[in-house]
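# Sharing a sequence plus its predicted fold:
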Amino acid sequence: MAKSGASDPSSPLTATADIGRRAFISLVGSAAASWPLAARAQQVPLPAIGFLGSTSPGTYAIRLGAFREGLKEAGYVEGQNVAIEYRWAEGQYERLPALAAELVQRQVAVIAAAGGTPSALAAKAATSTIPIVFETATDPIKLGLVASLNRPGGNLTGVTNQNVEVGPKRLAILRELMPTATTIAVLVNPTSPALTEQTLNGLQPGAQALGMQLHIVQASTERDFDPAFETMVQLRADALAIGPDLFFNSKLEQLAARALRQALPAIHTYREFAAVGGLMSYGASEAEFYRLVGVQVGKILNGAKPAELPVQQSTKIELIINLKTAKALGIAVPQSLLARADEVIE
């Protein structure tokens, strides 16, 4: 009996079947070989950044957006190829050492000490091996964070702004706005002594040159605001300069409202103060500042050593004036100031 074409080795049908079986086996083999690799790939953890904030997430919206933008410039996107472990002190600086220790225990790849001088000092005290990128308004050499700006020399590098350095300029702006102002209240946070010291050291020569007298008023919690402003009234302060402290940054609406209620012209470092009703701000661009922090962190993730990574300086300074608040205070803003303003809020 003749064999059917299907079982005949020379039959086209048999050849087709053999090709199909080989293709199927090859496909299954390839898939089987790739499954363990895929599984292993999914189990590999992303490199983690420890983000040490001095206040709360709600006050960091602009900063976090800018920080992530800087990371993206360096090739990193949160949740895709890098994870971020957040720790928030909620304005209680005494919590920062424990939070920094948590990040060290977590063995993050790099710590972004993004809560100003207090978080930078807490992170430095917590580890001498994990890379740290700080952000501060003060001199990092005087703080002992780095040996020099060009070659930091240890496990820290970072970004500085000029908010302490331009402190005397804020006084000059107040004088230009109010030529007869002589008594200035300066609001500082006593729980950040290093920042307070450098802030006042920067302001005193400028005040003397302008013939102004500074009165130091302290606040470290929102409960301190009422007695602080009562003290300013008793001192008959002509104006208020708010120190560059992240706790104050987290309470801008409250500070702006109290200053307006006391008919006290006030100047702050960041734009958001004027945006929520404060009279003026003069200082570093917050978005530019934190973008640079993200870039520095990304460079370290890409292999740069903090000891050899120069400290960057944010140089973009903004003058913002709220005309609506000026009118409410009965102040006529000189045209010379309006012409120099980066933004006038009406």
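On my side now, so go ahead.
# gap between stretch 269-280 and the chain center?
Centre-to-centre, stretch 269-280 and its host chain are 18 Å apart (Cα atoms, centre = their mean, to the nearest Å).
# what do you get for stretch 69-76?
Counting by Cα atoms, centre = their mean, stretch 69-76 is centred 15 Å from the centre of its parent chain.
# now do stretch 310-329
Remark: stretch 310-329 is offset 17 Å from the chain centroid, using Cα atoms, centre = their mean.
# Tell me the buried residues in that stretch?
By neighbour count on 16 or more other Cβ atoms under 10 Å, the buried set for stretch 310-329 is 311-312, 314, 317-323, 325-326, 329. For glycine as for every other residue, the C-beta is placed from the backbone atoms N, C-alpha and C.
# Can you lay out those residues as TSV showing pLDDT, secondary structure and distance to residue 243?
Output for the buried residues of stretch 310-329, formatted as TSV (pLDDT from 0 to 100; DSSP: H, G, I helix; E, B strand; the rest coil; distance: Cβ to Cβ, whole Å):
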residue	pLDDT	secondary structure	distance to residue 243
311	98	coil	22
312	97	strand	23
314	93	coil	18
317	96	strand	17
318	96	strand	18
319	98	strand	18
320	98	strand	18
321	98	strand	20
322	98	strand	20
323	97	helix	25
325	98	helix	20
326	98	helix	22
329	97	coil	21
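# Tell me where the stretch 51-200 of the chain has strands.
Ranges of strands in the stretch 51-200 of the chain, per DSSP state E, counting those that start in this stretch, are 83-88, 110-113, 132-136, 156-160, 183-188.
# Near residue 206, how many other residues are there?
Counted with other Cβ atoms under 10 Å, residues neighbouring residue 206 total 18.
# meant to ask about residue 143
18.
# Do you know the pLDDT at it?
pLDDT, residue 143: 94.
# now do residue 135
For residue 135, the pLDDT comes out at 96.
# Also residue 58?
88.
# how far away is it from residue 209?
Remark: distance between residue 58 and residue 209 (Cβ to Cβ, to the nearest Å) = 39 Å.
# Out of those two, name the residue with the larger neighbour count.
Each of residue 58 and residue 209 has its neighbours counted (other Cβ under 10 Å); residue 209 has more, 11 against 8.
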